[in-house]
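Peer 1: Give me a model of this one.
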Amino acid sequence: MKKNDFIVLGCVILILLPFFVSESVYSFYKTFNAEHGMIMSFLKFGILSTFGECIGLRISAGVYNRKGFGMIPRAIVWGILGMGISMAMTIFANGVPAFLKTMGMENAMTVMGEALSWQKVFVAFCISVGMNTIFAPVFMTLHKITDTHILSHGGTLAGFFTPIQMGEIMANLNWRVQWNFVFKKTIPFFWYPAHTITFLLPGDMRVLFAALLGVALGILLAIATHKK
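Peer 2: Down below sits the predicted model:
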């Protein structure tokens, strides 16, 4: 570990410590999170997933930030995507059990509110598979497009707010890496089981856990970016 690694680790501890040692800070967080879910989704993903990408850059290039990386534009994108993830979690958490009920699982709509059981794990797994099969590929491709847009404009805010050349970027994406690594490996082997755990958690903890997983997602996508 280098000096910068210890500095980053120290900053993370200082930021998180108040939530563990101060009841008032933790109570404020719980109240604000309950009353302003989308704002918190933006902040959680904007901070944690961007931090994940910084870690990914540290792994691949030896630094947490560099010219052209565009940390602030990335944080904005992650915040917006985080709101989309929160919406998708609500849709699939309600829609998949309703679908399972039409397929003959009569208690699919109620089992998620009950104690842990194999039926509850099965429903949570189905929700995860549904969300990550239908929503995740679109989400990951959109993130890749915005990432390419940020890099092509030197990571500047001014460049970030210029029109995205969607067709040109999509035509030049490395679809081999996108399919062989991002879709074919991370979705079934990481995201299916990871989000199964997410949907087994109480509703008010799911977005936070998903945001923490966003750190892992940032690392995986950053590695994919630098993968040849």
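Peer 1: Quick check: residue 55 touching residue 216?
Peer 2: No. Assessed by Cβ atoms under 8 Å, residue 55 is found out of contact with residue 216, at 9.4 Å. Backbone N, C-alpha and C define where each C-beta goes, glycine included.
Peer 1: can you tell me which residues contact residue 200?
Peer 2: Listed by Cβ atoms under 8 Å, 6 or more residues apart in numbering, the contact set of residue 200 reads 116, 120-121, 124.
Peer 1: do that again at 6 Å, thanks
Peer 2: Contacts for residue 200 were tallied using Cβ atoms under 6 Å, 6 or more residues apart in numbering; they are residue 124.
Peer 1: mind giving me the domain split of this structure?
Peer 2: With automatic domain parsing as the criterion, the domains of the chain are listed as 1-35, 37-226.
Peer 1: need those domains in TSV with mean pLDDT, can you?
Peer 2: Rendered in TSV, the data for the domains of the chain read as follows (pLDDT from 0 to 100):
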stretch	mean pLDDT
domain 1-35	84
domain 37-226	90
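Peer 1: Mean neighbour count, those: which tops it?
Peer 2: Burial among the domains of the chain, expressed as mean neighbours by mean count of other Cβ atoms under 10 Å, is greatest for domain 37-226, which shows a mean of 17.
Peer 1: How far off centre is that one?
Peer 2: Between the centre of domain 37-226 and the centre of its chain there are 3 Å (Cα atoms, centre = their mean, to the nearest Å).
Peer 1: next one: stretch 16-30
Peer 2: Taking Cα atoms, centre = their mean, one finds stretch 16-30 lying 23 Å from the centre of the chain it belongs to.
Peer 1: For it, give me every contacting residue.
Peer 2: By Cβ under 6 Å, 6+ apart, no residue outside stretch 16-30 reaches it.
Peer 1: For that stretch, measure first residue to last.
Peer 2: Distances were taken as Cα to Cα, to the nearest Å; on that basis the terminal residues of stretch 16-30 are 14 Å apart.
Peer 1: after the longest helix along the chain comes which helix or strand?
Peer 2: Among the elements of the chain assigned as helix by DSSP state H, the one spanning the most residues is helix 71-102. For helix 71-102, the succeeding helix or strand toward the C-terminus, using DSSP states H and E, is helix 118-134.
Peer 1: Just the CA trace of that following helix, in CSV.
Peer 2: Presented in CSV, the C-alpha positions along helix 118-134 are these (Å, rounded to 0.1, in the frame of the first residue of the first chain):
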residue,chain,number,x,y,z
TRP,A,118,-36.5,-21.5,1.0
GLN,A,119,-39.6,-20.1,-0.7
LYS,A,120,-38.5,-16.6,0.2
VAL,A,121,-35.0,-17.2,-1.1
PHE,A,122,-36.6,-18.6,-4.3
VAL,A,123,-38.7,-15.5,-4.8
ALA,A,124,-35.8,-13.2,-4.1
PHE,A,125,-33.7,-15.1,-6.6
CYS,A,126,-36.4,-14.7,-9.2
ILE,A,127,-36.6,-11.0,-8.6
SER,A,128,-32.8,-10.7,-9.0
VAL,A,129,-32.8,-12.8,-12.2
GLY,A,130,-35.6,-10.7,-13.6
MET,A,131,-34.1,-7.4,-12.8
ASN,A,132,-30.5,-8.3,-13.9
THR,A,133,-31.6,-10.0,-17.1
ILE,A,134,-34.0,-7.3,-18.3
